[in-house]
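Participant: pasting the structure only:
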C-alpha cells in the first residue's frame, strides 16, 4: 500500500521485520515440539527464543535475507540460512527447520499476521461503532426528511441513519470475526500435506503457541478459500463504508447541507475556491471501497490451485493481503475521525422537511382517508390529484386538500396529519432492538 | 439463466408464478396481522389464502400483471390490482396492501425465495459431499503421487484429495448456512423504514409465518450487505467447485490419466476425433465458477444505495439472484453426477508414482541422512547431487545413492526409504478429524 | 437475459433459431468453398441455401436438435444430424460438415452474431448521441452551477454536461467499432488450428461470405482476448451510461430539481407517495452498468484456455455474450427515451446559481485581485476571509468584500465580477471541437 | 507495488520526485503560455525550467511538501508553496499556478506519466515478441501433439503455439497503443472545465510541450473512461500473459515435460525436494494476471464521478495506476527472461506424439474413408469402434484397423495416414500471415 494510506500499526505488522520475526517464531515453536518428542536436544528452542528477544530481527537481517535470496532464489531457504548466521548457534543451525517445508512456515506465519491484522481492524471498527452509537442517540428524536430515489419521501428520525450504519457494521463485525476464525489455522504438514516428515503433534504445538487452531487438511498449503473469506469480509466492509460515505456526501451537497465532515484549521478546500468545504475524506472512503472490492477478485481466483499447490497465489497475496487490510484499517480510522467531528446543521434539517410544502405527509392523508372508509383507489385519487396540483403550482398541499370537495378530511383533523412526530412513534422500538 | 443451465427446481422457484405466489402470501399474512390488531375485518386473510390454494396463480395471472404494469409502470401496483381482480373479493380488495409499501412485499418475498434457493443448494451440496466422502473412503490407502507446481513431489493417499474437497465444501456449507441466516429476514417497515403506517407487530407476524426473522433496521429496503454476503458465499462455493474441476481435469490429461469423468453411451466426444474422452462436464464447472465470481461484483456495488433507498439494485438482482443460485445448483448437481460415475485408473496411479525413478523419495533420504547425524547442508548436497544425476541420465535415484561414497546409507536401509507406505502413516489421523 | 430487459432485436438475434441459421450458413458457405475446390459436387450449397430460405429453421427444428443432443451429448453433432434430416437431401448429408470441427462452425457463427449485436448497439448509441447533441445545443448558453465534490463551484453552461456525455460516448463508439473489428473474424482451421483437414481457402471464402476476415491464427478456437475486448468495451460503455445516469439522478433530487426523467401518463411513482417522481429509469441504468462490469471478469478469465483449447469458456459465453449485449442495447434504448423526454427546470437552474449568495464568483474575485497586483497569498486571504464570513452569516459575499478595507476592488468593478456570462466565454470554442 | 515486483524504471517513474518534477513542468509550461499571451513577465518560465535542471527536486523537496500538506491538507497547495520556497524566486512565486486549478496540474501530469509508463511496457512487450518470434521460427517444423480439453488431439507444429502468443501480444500492442493515445491528453480548463480563468491557448501550449493532445472536454478532470481503457488494456495483456504462463506450466508437468523455464545455478527448487524444477516464474505471472484483472474493477467504478468531479477516483488511482503498470512491466520482463532461457525437450515431444498409439491420426483416417466413398456415419463408426478398442486394449490403432473387415483402407495406404508431416502442410501459410 502506498505510504499515504498506511497506518503505523499496519505498516509495522506487514514490515519485513515483522514477517521474519513471525517466521522465526514458527521455527522456534516447531523446535519446542521436536524437543518434547525427544527428536531434538532440549533447550534449543529456548535459546533461539531468548536470542530473538534480546536482539530483534532488524533491517540488517532483512538485507542479509535479500542477499541470500539473490543466490538461492528461494525466500525461505535464504531466511533459514540468515537466521542460523544471525544466531551464531551451530546446534540450532543443525536442527532448525527439521522436517519442515517452506509453506509450513510461510503459510502459518501469514495466518498469524492476518489474525493480528483483523484484530486491528476490529478494534478500529469498534471505535467507529462508538461514534455511530453516539450520533444515533444524539439525533434519535430529531425529525429529518427521509429520501428514496433521492426524492423526498416521508419524515423520519435523523438518528436512525446512524443506527442503520451501526447495524450494518455490526454485521461486518460478525463477518470479520468469523473470517478471523476461518483464517486462524496453523499448518505444518509437509510437502504434500500428509505429515510425512513431521508428525501432527508438531503442528498442534505450534498452533497452540500462536493462538491458532491446526488446519485439519492442508495440501502443502492452507486451502485458499479461507483467505477468500477474509477478502470477501473486507469487501463487504468496504461496501458498507461506502454506504456511509455516500450518505454523508449527499448530506453535504450545497443544496442539502444537513451535515458536513470536519474541516481542520488551516486546511485548504480548493486552491481557487476558498468558500468550499468538500467532503474529501468521505470521497476518499468511496475510493477505498472500490479498492477493497478490487482485491477480492484475485483472492477468489487464487482458490483453484493446481494439485497439492502451485505458487500463483503468492504474488497476489504479497500485494492484496497487506493492501486490503491496510485500506480497511485506514478507512475505518478516517471514518472514525470524520464521525467524531461531524457537523450537523439542525436548521437545515428543518428547512428541508418543509421543502415540499407538505407533500411528504401524503401517505398519512391517504391512510386517514382509507380509515375514514374511502375505497383505496378513490382515496389514492384524491391524494394524487391534490399532490400534483400542489407540486405544479408551488402552493401548500394542505390548502388544496381543504378545497377539494371530495375530500372528507378538513380543518384540525387534516392539520394534525401534517406533523413529523407520528413518524417517530416506533423509533424507540427500533432502538430497543440494539439495546439502545 | 439460459435454459441449458436451469434445474427444474430453480426454474420453478424463480418463475413469475412463484414470485407472485410469494408476494400474495406476504399480503395475506399482513392481513392476518391486521386482523389480529383489529384493524381489518376477521376472515379476509383466510379467504385470500384459501383462494390461493384452490386456484394457484398461473400464467394467465402473470400476463394480467404484465398488462397492468404496461399502464401503471409499477410492478407492485399492477400486481395488487390483478390480485384483487383475480380474487373477485371486493372486501379483500379494500384492505389488501393496507399500510404497506411495495418494498415491504417485494423485499420480504425475495428473501423468502432466497432462503428456499439456498435450501436447494445446500441439499445438492450434501449430495456432493456424500460422493466425496465415498471416494475419500474408497481411496484412503491408495498411494498416488502428490504434485506441487504441477511437478511430482511425494507420495500421498489418492483419497486425501477427495477429503480435502470434502473439507472445503464443509466450509462452504457453513458459509451458505450463515448467509441463509443473514438473508432470512422479513421487513414491513414502510416507505422510510420507521413503521409509520404499519406497526412492527405486522412485520413480526409475517416474518414468523414465512419462517423468517424481522429485519431489525430497514430503510424501505433490507440492507444490501445481506445479499452481498449471499453472493460472496456463492462465489466462494464456485471457486471451490473450480478447485475440484481443475484437479480432475488435470487427472484426465492423456499423459496423467488417473481419473476420468463418466462418458455416457452414445455420447460423442468430438465430431472428428472419436477416441477422445474430454472432461467437458468439469470444464463446464470451471465456467460456472467464473460466472459465480462475476455475479458478486454487481451485488457488492448494490450495497451503497442512496439515502433510504434507490432502486438501482433491482435490475441487478432480477438477474444475479436467480442466475447465481441457479448456476450454483446446476454446477453442484453436475459435479455430483460426475463424482458418482468417476472412473479411476489405479494402474496409472502406480505408473505415475514410479515415473521419476525414485526421486520422489528424496526428502525421505534427506531426513534419514540428517537423522544419521549429517549436517543439513551436507545431507542436502548429497541428495541434490544424486537426484540431479538421476534426472539427467534417466537412471534410478537409488542406484546413484548406492554409488556415492559420501552417502552413509546403503543397502536395505536405503531401499526401505523408497516406499510409499510411510507417507500414509498419518492419513488415518487426518480422516479422524472428519469423523471418518 | 430476463425477458424484462430484452429488446426484440436482441431476443431475435440470440434466439436458438437465429443461432442455428447462422450455423447452417457457415456449413453452406463451407460447401460452396469445397465445390470451388472441386472436392464436392457442384450445386449442393445452393440447394442447402435455397432450402434455408424457403423453410426457415424454426422451433420444431430447435426441438429436434435438443432431442438429438440428449443422445449425443454434443450440440454440433446433434445439429448436423438434424439439419440433414430437415433438408431430406442425402447428398447434402454426405458432404455436410466435410473436414470441419465443431468449433469451426460454432465460433465463426458466434462472431458473426456478435458483429450484428454490436451493430444494433452502435445504432442505438447513435440515437442517444442525437439526443445528447440536441440537449447540448439547446442549453449551450444556459448558465448553471457547476459542482465539484457535490458542492457548488462556479457557473458553467448547462449544455456542456450533455456535450461531455456526447464526447464520452464518442469514445465508446470508437471502442465498440474497434472491438467489432477485433471480433469480426471467421475461423475454419480444424481441430488444432493447423488446417489439417480443410485448406485455408475454405476459411477465406466463408469469411468473405459472412462479411468477416479470416482469423490469422486459431487453435481450434478464436483466441478469447478478442471476446475480452468486446466485453471490456461494453463495460466501459456501461460505466459511461452510469455517469449520465448518476448526473441526472443528482439533478432530479428534490433539493436540486434541475431536470427530471419523463413520467408517463398513468404511471405510478410509488404505491403510497403519489407526489413522487422518481428517476427509476436512470436508477435502472445504474444497475445495468453494474451488470456490464460484472460480465467482464468471466470474459477475462476465459482467455487463458488450456493448450489448443478447453471448453470452459463456452458456458460463460452462452450467458455473458447475449446478456451483456442485451443489457447494453436495452440501457441505450432506455436512455434514449429518457433524454428525448427529459424535463429541464430552467427556473431552478437560476435559483441554484444564486444559492450561495455570490460565493461561486470567488475565483473571479481572486484573479481580479491578483491582476490588480496583489500577491497571490494575500489575495487568497482576502477572498477566503470574506467568503467564510458570508457563508457563516448568510449574507452576500459581495457586501462583505465591499466592507473589507484591504480589498482594493469595489463598486462597479466588483459587481461586474458577479456574473455568470464570462464563465461561458470559451464554451463556443469547446463546442467547435465537436463541430457544433 | 511491493518492492519485490518493482522494476527500477517504474519505481523511478512513479517516485514522488518524478511526480513533483512533472507537476513542476506543467506549471512551468503554463507560465510559458502566459508569457506568450503577455499576461506574465517574460523569462519566468525559463528561469524555473533552468532551476529545475540545475537542482532536481529531491527527497528533501518531497519531505517539505509533506510537511506543508500536513498543515494545508491539500497536496497541490503544499507543492506550489514548496516550489516557490525552493526556487527562492519571488517573481516566479507571484505568478506560479496563475489561473490554474489543482486538477489542471495533477491530471495533466498523471497522464504524461501514464504515457511514459505505457512506453516502458510497450518496449518490454517488444522484447517478449522478439523471443516469441525466435521460438516460433526455431520450432516451426517440429511436430508436437496438439491438445484440446487437456487430451491429445492431433499433431501440430510446436512452434505454432509461440506464434499464437505472438499474435495475441500483437493485439495487446495495438490495444496498449490505442490506450496510450486515449490517455495522452493534457487539460488546463479550470475548476469546472470551461476555461473560465485560463484560455484554451494555455492548455494547447502545455499539451504540445508534453507531447500530449488537448483534452477536448474536461470537467475539472479528464474523463475517467480514458483511464478505464488503459486499465482494460492492461487486464487483457495480463490475461494473455496468463495464457502463455498456463501453457508453459502445463508443458513443464512431470508427465508432459516438453519445456521448462530456466533454472539458475544455485537456485533452490524446494527446501526439501532437491530434484524439483518448478515453474515458479510462470506461476508468478499467473498471479500477476489476477492482480491486473483486479485493478480494472476499481478503475471502471471511477468513471461515474459526481457532476463536474468528485475526488473518489484519486485514492484508487494512487494505488492502481502505479501498481498495474508496474505489475505489467515486471511480468513482461520476467516472461522475456523465461522465454530467452526456455528449455525444450525435443525427445519428449516425440514421445508424447506416440503416447496414444496412433489414435491422434483418427481424423486423418476418417477423412480418407469418406474420400474413399463411405458415408460419413459409417466411416465414423469404423474409426470410433477401432479407436475405442485400441484405447481399451492398449494396442496400436492401426493394427485394429488392419483387422477390421469393413475398413477398406489397408497396408501402405493406411500406414501413410499415420504421419505428423501432413498436419504441418499449411503451417507456412499461417506464418506468412505474420510476415514470417
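Facilitator: Everything's here; your move. Since this is a predicted model, take the numbers as computed values, not measurements.
Participant: For the stretch 301-436 of chain A, which segments count as strands?
Facilitator: A:343-344 (DSSP state E, counting those that start in this stretch).
Participant: Those residues of it touching chain B, which are they?
Facilitator: A:301, A:303-311, A:363-364, A:367, A:370, A:375-376, A:422-427, A:429-430, A:433-434 (CB under 8 Å from any CB of the partner chain). C-betas here are computed from N, CA, C, even on glycine.
Participant: Repeat that for the stretch 1-150 of chain A.
Facilitator: A:93, A:94, A:96, A:97, A:98, A:99, A:146, A:147, A:148, A:149, A:150.
Participant: Is it correct that the third one is in contact with residue A:82?
Facilitator: No. Under the contact definition of CB atoms under 8 Å, residue A:96 does not touch residue A:82, with a separation of 11.1 Å.
Participant: buried ones in the longest helix anywhere in chain A?
Facilitator: Using DSSP state H, we find that the single longest helix of chain A is helix A:102-138. Within helix A:102-138, the residues that count as buried by 16 or more other CB atoms under 10 Å in any protein chain shown are A:102-118, A:120-121, A:124-125, A:127-129, A:131-136.
Participant: now stretch A:351-360
Facilitator: Result for stretch A:351-360 [16+ other CB under 10 Å]: buried residues A:352, A:353, A:356, A:357, A:358, A:359, A:360.
Participant: Of the residues of the stretch 1-150 of chain A next to chain B, which fall within the contact range of chain C?
Facilitator: Among those, chain C is touched by A:147, A:148, A:149, A:150 when using CB under 8 Å from any CB.
Participant: one step back: please identify which of the buried residues of stretch A:351-360 is nearest to residue D:322.
Facilitator: Checking the buried residues of stretch A:351-360 against residue D:322 with CB to CB, the nearest one is residue A:352 at 42.2 Å.
Participant: pLDDT score assigned to the closest one?
Facilitator: Looking at residue A:352, its pLDDT is 97.
Participant: who in the stretch 251-400 of chain A is up against chain C?
Facilitator: A:252-256, A:270, A:272-280, A:283, A:297, A:301, A:352, A:355-356, A:359-360, A:362-363, A:366, A:380, A:383-384, A:387-388, A:390-391, A:397.
Participant: secondary structure element for residue A:182?
Facilitator: helix A:158-183 (DSSP states H and E).
Participant: returning to what we had before: dump the buried residues of stretch A:351-360 to CSV, plus distance to residue C:14.
Facilitator: As requested, the buried residues of stretch A:351-360 are exported to CSV (distance: CB to CB, whole Å):
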residue, distance to residue C:14
A:352, 47
A:353, 49
A:356, 45
A:357, 49
A:358, 50
A:359, 44
A:360, 45
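Participant: who touches residue A:116 in this structure?
Facilitator: residue A:13 (CB atoms under 8 Å, 6 or more residues apart in numbering or on different chains).
Participant: could you measure it against chain C, distance?
Facilitator: 31 Å (CB to the nearest CB, to the nearest Å).
Participant: From residue A:45, how far off is that residue?
Facilitator: From residue A:116 across to residue A:45, the span is 22 Å (CB to CB, to the nearest Å).
Participant: Which one of the residues in the stretch 1-150 of chain A is closest to chain C?
Facilitator: Residue nearest to chain C within the stretch 1-150 of chain A: residue A:149 (3.6 Å; CB to the nearest CB).
Participant: Neighbours of the closest residue to that residue other than its chain neighbours, how many?
Facilitator: Leaving out its chain neighbours, the residue that sits closest to residue A:149 by CB to CB, 6 or more residues apart in numbering or on different chains is residue C:278, at 3.6 Å. Here the count is done by other CB atoms under 10 Å in any protein chain shown, and residue C:278 has 22 residues near it.
Participant: Can you give the domain ranges for chain A?
Facilitator: A:1-98, A:100-260+A:276-353, A:359-417 (automatic domain parsing).
Participant: Alright, I will stop here.
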